[in-house]
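Asker: Coordinates for the following, if possible.
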Amino acid sequence: MRIDKLNIKNFKGFEDESFSLNPQFTVFIGDNAKGKTAMLQAMSVAMGSFFLGIDGIDSRAIQKNEVRVKTIDGQPRPQKPVVIEAEWRPEQEEMVLWKDYAIKPEMKWKRENIKNNTTSKDAKNIRTFAESLLKASRDGSRVVFPLFAFYGTGRLWAIHEKLNYQKQEEGVKMAYAYALSAKASPKEFLQWFKTQEDSVKKFEQPLDMAHLTAFKRTITQLIPDDRWQDVAFDNKENELTGIFTTDAGTKEKLKFSQLSDGFRNIIAIAGDLAYRCIQLNPHLKEEAVEKTPGIVLIDELDMHLHPNWQRRIVDDFKRAFPKIQFVATTHSPFIVQSLKADELRILDEGRMIADDPLKNSIEEIAQQEMGVEEVKRSKEFIEMKSRAKEYFDLIKQGAPNEILHDAKQKLDELRIKYNNDPAYVALLESEMPKKD
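Answerer: Just a heads-up that it's a prediction; the model follows:
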């Protein structure tokens with residue numbers, strides 16, 4: 001399952017916009033306050049419509065503070081209706097997979113906020129689809145459920161409470177709980193992992209070897225370090241640990257809290273996604289992660305990642321979750337450079353990139369697509385250039401003595417600030433007006 005097209009009206013800063021989405025990976029770029037996060041939030045409303053058919057899981061409603069406000073005659077005026085409309089055109093493989101569960105060749109649904117309530121009458125297609133999957137599952141059929149998740153910028157989690165063994169509950173509800181909150185906690189997947197690992201220690205086998213294998217493999221696939229060997233749960237430290245091979249060939253354990261922010265960020269997302277896939281579709285065994293479809297939103301995909309990691313993170317996610325549609329935002333030209341042409345959207349202008357980003361240098365991407373000026377120059381160089389030009393222009397214009405006096409003071413400041421550049425200081429002094 002995925003969303004092929006999203007229409008947004010009167011949602012936050014969007015007056016009326018439409019976006020087409022790549023079936024596997026779409027990355028939005030744009031300046032701050034251009035609506036990247038708002039677009040993901042609108043996506044989460046569309047995704048949450050599926051939960052209308054899952055009892056016990058709240059659908060994602062349109063919030064009061066998400067209504068676009070327009071200033072008219074100096075007064076703020078809420079603009080309604082707020083409309084989030086999604087379109088999904090299932091591929092043949094999906095039509096076959098879900099042929100018995102109310103799927104149609106074209107699935108459209110819409111949520112509106114008109115009188116401070118989010119409507120569901122126009123979301124019948126997606127609700128009926130979800131209801132049919134849930135009923136079949138409870139009747140004993142091996143149904144494939146789609147995954148939904150949203151990871152916001154506050155996703156670098158820390159767990160300080162004692163983790164207990166996981167209680168047995170219906171997997172669908174466990175997988176969908178808080179999936180779209182953007183602040184999902186790793187507590188659930190860590191308690192599941194602890195339960196599996198403790199079973200190994202006590203009985204020499206996990207409760208489910210296939211699921212534990214899939215979970216560990218997923219995390220390993222997303223760690224770009226050849227020294228990384230495995231992941232385990234340390235009961236004494238009450239946290240996940242990474243197992244590395246040292247240069248001497250020995251194995252070393254590092255607690256989750258000791259890992260870099262980049263490692264913790266990706267392990268948390270990978271672990272949470274793998275856990276949700278396993279809970280949704282346990283009958284897929286070791287292939288639960290690879291064969292679970294769905295939609296995942298990630299705000300600021302580059303957050304805490306080294307540039308080398310940024311270059312490969314998109315491909316890593318594609319390999320680990322081949323059936324998932326990812327929609328992400330970024331400020332990183334390294335991520336942009338790693339994309340295919342139809343995977344990139346510039347939010348400022350609502351357009352796709354015609355050229356393949358892979359063909360462009362980092363400097364070209366930063367300057368042409370991300371609007372960064374003088375990308376090859378440091379801020380210091382730009383200031384040096386600007387102030388020197390201002391000074392030389394004053395001299396050429398034959399400025400009055402009092403203005404030249406100010407220029408002399410500026411020169412002294414420049415000579416002090418940039419005295420590590422002898423050529424620059426010498427040039428300034430050579431252009432300095434000589435005393436009579």
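
Asker: pLDDT value on the residue nearest the centre of the chain, please?
Answerer: When CA atoms, centre = their mean is applied to the chain, the residue found nearest the centroid is residue 298 (1.9 Å). On the pLDDT scale, residue 298 is placed at 97.

Asker: Does it touch residue 324 like I think?
Answerer: No - with contact defined as CB atoms under 8 Å, residue 298 does not reach residue 324; the gap is 10.9 Å. Just so you know, the C-beta spots here come from the backbone N, C-alpha and C atoms, and that holds for glycine as well.

Asker: What is the neighbour count of the residue lying closest to the residue nearest to the centre of the chain once chain neighbours are set aside?
Answerer: For residue 298, the nearest residue in space outside its immediate sequence neighbours is residue 328; the separation is 4.3 Å by CB to CB, 6 or more residues apart in numbering. Neighbour count for residue 328, taken as other CB atoms under 10 Å: 24.

Asker: My guess is residue 328 contacts residue 22. True?
Answerer: No - using CB under 8 Å, residue 328 makes no contact with residue 22, being 10.9 Å away.

Asker: who are the neighbours in contact with the residue nearest to the centre of the chain?
Answerer: Under the criterion of CB atoms under 8 Å, 6 or more residues apart in numbering, the contact list for residue 298 reads 151, 269, 326, 327, 328, 329.

Asker: from those residues, which single one is nearest residue 54?
Answerer: residue 151 (20.4 Å; CB to CB).

Asker: From residue 273, how far off is the nearest residue to the closest one once chain neighbours are set aside?
Answerer: The shortest distance from residue 151 to any non-neighbouring residue, by CB to CB, 6+ apart, is to residue 298 (4.9 Å). Look at residue 298 and residue 273: by CB to CB, to the nearest Å, they are 10 Å apart.

Asker: can you check residue 331 too?
Answerer: Using CB to CB, one gets 23 Å for the distance from residue 331 to residue 273.

Asker: Where does the prediction get shaky in the stretch 51-200 of the chain?
Answerer: For the stretch 51-200 of the chain, the stretches flagged by pLDDT under 70 are 155-169, 183-185.

Asker: tell me which residues in the longest helix along the chain are buried?
Answerer: Of all segments of type helix in the chain, defined using DSSP state H, the longest is helix 261-280. In terms of neighbour count (16 or more other CB atoms under 10 Å), helix 261-280 has its buried residues at 262-280.

Asker: What of stretch 305-318?
Answerer: Going by neighbour count (16+ other CB under 10 Å), the buried part of stretch 305-318 is 305, 309, 310, 311, 312, 313, 314, 316, 317.

Asker: Might you report the residue contacts of the fifth one?
Answerer: With contact taken as CB under 8 Å, 6+ apart, residue 312 is in contact with 224, 338.

Asker: Could you check how far it is from residue 25?
Answerer: With the distance defined as CB to CB, residue 312 ends up 13 Å from residue 25.

Asker: Sweet, I'm off.
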